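> Can you look at this prediction? I've put the sequence above it.
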Amino acid sequence: MENITPDGKIKTIRCVKATHEDFAKLVNLGKEAKKCLQELEVQWNCTKEALAEEIKKDAYAVLTKGTQTKTKLELYIEMLQWAEQLAAYHNAYHVLMEEGVNELLATIGVGQESYGYDFYQLCLDN
């Protein structure tokens with residue numbers, strides 16, 4: 001077991017260390033981005049995937065909800081920004097936290113593909 005030091009501690013191969021506070025912040029930021037994206041989808045009654053198809057036909061068609069107006073393209077860009085922000089938090093989590101979990105599991109002979117959990121997504125959903 002090359003991941004264990006002579007005194008029984010796990011060697012860290014990650015170049016970045018993260019704390020529980022870092023993890024909590026990533027989860028909270030991710031929840032906020034997810035919430036904003038979902039609110040846009042509900043408010044405008046469309047998903048970014050459906051909107052992507054619609055803008056191929058007429059990107060500058062105006063959508064109106066209450067007092068707000070946006071073109072399909074503007075709404076799609078806003079949704080993409082939230083989705084990309086959420087993806088960035090997810091990626092940061094995997095770099096900061098998931099690699100440490102994988103290292104720990106490797107020390108007991110469990111491969112990361114064997115457990116199939118996405119802990120960050122689990123936290124966002126709960």
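Good, I have the coordinates.
> Only C-alpha atoms from now on, for both contacts and neighbour counts.
OK.
> quick one: low-confidence parts of this structure?
Low-confidence segments of the chain (pLDDT under 70): 1-17, 98-105, 112, 115-117.
> hey, where'd the strands end up in it?
62-65, 68-71 (DSSP state E).
> Tell me, how many residues neighbour Lys56?
The tally of other residues near Lys56 (other C-alpha atoms under 10 Å) stands at 11.
> Please report how far it lies from Lys72.
10 Å (C-alpha to C-alpha, to the nearest Å).
> Dead centre of this protein: give me the residue that sits there.
The chain has His90 as the residue nearest its centroid, 3.2 Å off, counting by C-alpha atoms, centre = their mean.
> For the longest helix along the chain, give me every contacting residue.
Criterion DSSP state H: the longest helix present in the chain is helix 20-44. Contact partners of helix 20-44, identified using C-alpha atoms under 8 Å, 6 or more residues apart in numbering, comprise 47-48, 65, 79, 82-83, 85-86, 89-90, 92-93, 97, 120, 123-124.
> Just the buried subset of the residues you listed, please.
47-48, 79, 82-83, 85-86, 89-90, 93, 97, 120, 124 (16 or more other C-alpha atoms under 10 Å).
> Identify the farthest-apart pair in these.
Using C-alpha to C-alpha, these span at most 30.1 Å, a distance reached by Thr47 and Met97.
> In TSV: the strands of the chain, plus distance to Thr19.
Output for those, formatted as TSV (distance: least, C-alpha to C-alpha, whole Å):
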stretch	distance to Thr19
strand 62-65	42
strand 68-71	41
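> Right, I'll call it a day here.
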